[in-house]
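next come a sequence and a model predicted from it.
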Amino acid sequence: MRTVLMTTVLLLGAASAQMTIFQIPALPPVSAQPAVSTPAPTPPAPTAAQAPITQMPVAKVELQDVEVTAPASTGTTPTVASDDVGEVIVPVLATDKDGNPVAGVEVGWTVKNMGKAPLYVISSESAGASQNVAATLEPGATGTYTTVTGPDGLTSLLLNATASTAALIQPVTSLGEVKNLRSAVQSVDWLGTQ
């Protein structure tokens, strides 16, 4: 306390002894002081996982296979993915004019069983996520499915058969019918018994 009183007397001097606390001039308002401009912080650059997907116009959609021949499946549950020898993945890739993958392209699939034994559509896949379909197409039957390409521009159907049969696969997008790498309609033939 003694230090505070002495400091006050030394700082205010004799003239201040005659002033009351209400007579001391006020400090100027804060807004009257010059403003200091602080630049806005720069947000960190997005990582690859956070980077937004830029939607480019799709220029080409193509089946990433040619006509496929596979052995008939030996599994007991043909509508469930099991990495059996008869399972066939039919991938479609959508790209822009520069060959970069395009996400979000809707693909309408028509799968027709052209053989004499059942054909199975196990699932569809896009962006690493599988969607169960578990459909059985009897001989002569046709099934339609819709998928959407993921960030890698790919989407696919997983098919299977337990006996000799054949599938005609006709994907369609906004650009029209999708052909395979030989510019032909995609087919899959399973070789086995029956």
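Okay, I see it. Residues are numbered from 1 along each chain as shown.

how about low-confidence regions in this structure?
Within the chain, the segments meeting pLDDT under 70 span 1-56, 193-194.

please, where are all the strands along it?
60-63, 68-71, 88-95, 106-113, 119-126, 129-137, 142-148, 154-160, 165-173, 176-177, 186-191 (DSSP state E).

same list (these) but as TSV, adding distance to residue 79.
Backbone N, C-alpha and C define where each C-beta goes, glycine included. Converted to TSV, the strands of the chain look like this (distance: least, CB to CB, whole Å):
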stretch	distance to residue 79
strand 60-63	23
strand 68-71	16
strand 88-95	14
strand 106-113	14
strand 119-126	5
strand 129-137	4
strand 142-148	12
strand 154-160	7
strand 165-173	14
strand 176-177	27
strand 186-191	15
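
so which of the ones you listed is the most surrounded?
Compared across the strands of the chain, strand 154-160 shows the largest average neighbour count, a mean of 24 (mean count of other CB atoms under 10 Å).

run through the neighbouring helices and strands of that strand.
strand 88-95, strand 106-113, strand 119-126, strand 142-148, strand 165-173 (3 or more CB pairs under 8 Å, 6 or more residues apart in numbering; DSSP states H and E).

can you list those in CSV and add distance to residue 180?
Shown next, in CSV, are the helices and strands packed on strand 154-160 (distance: least, CB to CB, whole Å):
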stretch, distance to residue 180
strand 88-95, 9
strand 106-113, 13
strand 119-126, 18
strand 142-148, 17
strand 165-173, 9
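
residue 60 is nearest to which of those strands?
Evaluated with CB to CB, these place strand 88-95 nearest to residue 60, the distance being 5.1 Å.

which strands and helices sit next to that closest one?
Counting by 3+ CB pairs under 8 Å, 6+ apart, the packing neighbours recorded for strand 88-95 are strand 60-63, strand 68-71, strand 154-160, strand 165-173, strand 186-191.

that one vs strand 119-126, what angle?
With axes from the mean of the first three to the mean of the last three CA atoms, to 10 degrees applied, the angle from strand 88-95 to strand 119-126 works out at 40 degrees.

distance from the chain centre to strand 88-95, please.
Mean C-alpha position of strand 88-95 versus that of the full chain (CA atoms, centre = their mean, to the nearest Å) differs by 15 Å.

what's the angle from that strand to strand 165-173?
20 degrees.

can you name the residues that contact residue 174?
Applying CB atoms under 8 Å, 6 or more residues apart in numbering, one finds that residue 174 lies in contact with 58, 105, 106.

which non-adjacent residue is nearest the last one?
By the measure of CB to CB, 6 or more residues apart in numbering, the closest residue to residue 106 outside its immediate chain neighbours is residue 148, 5.4 Å from it.
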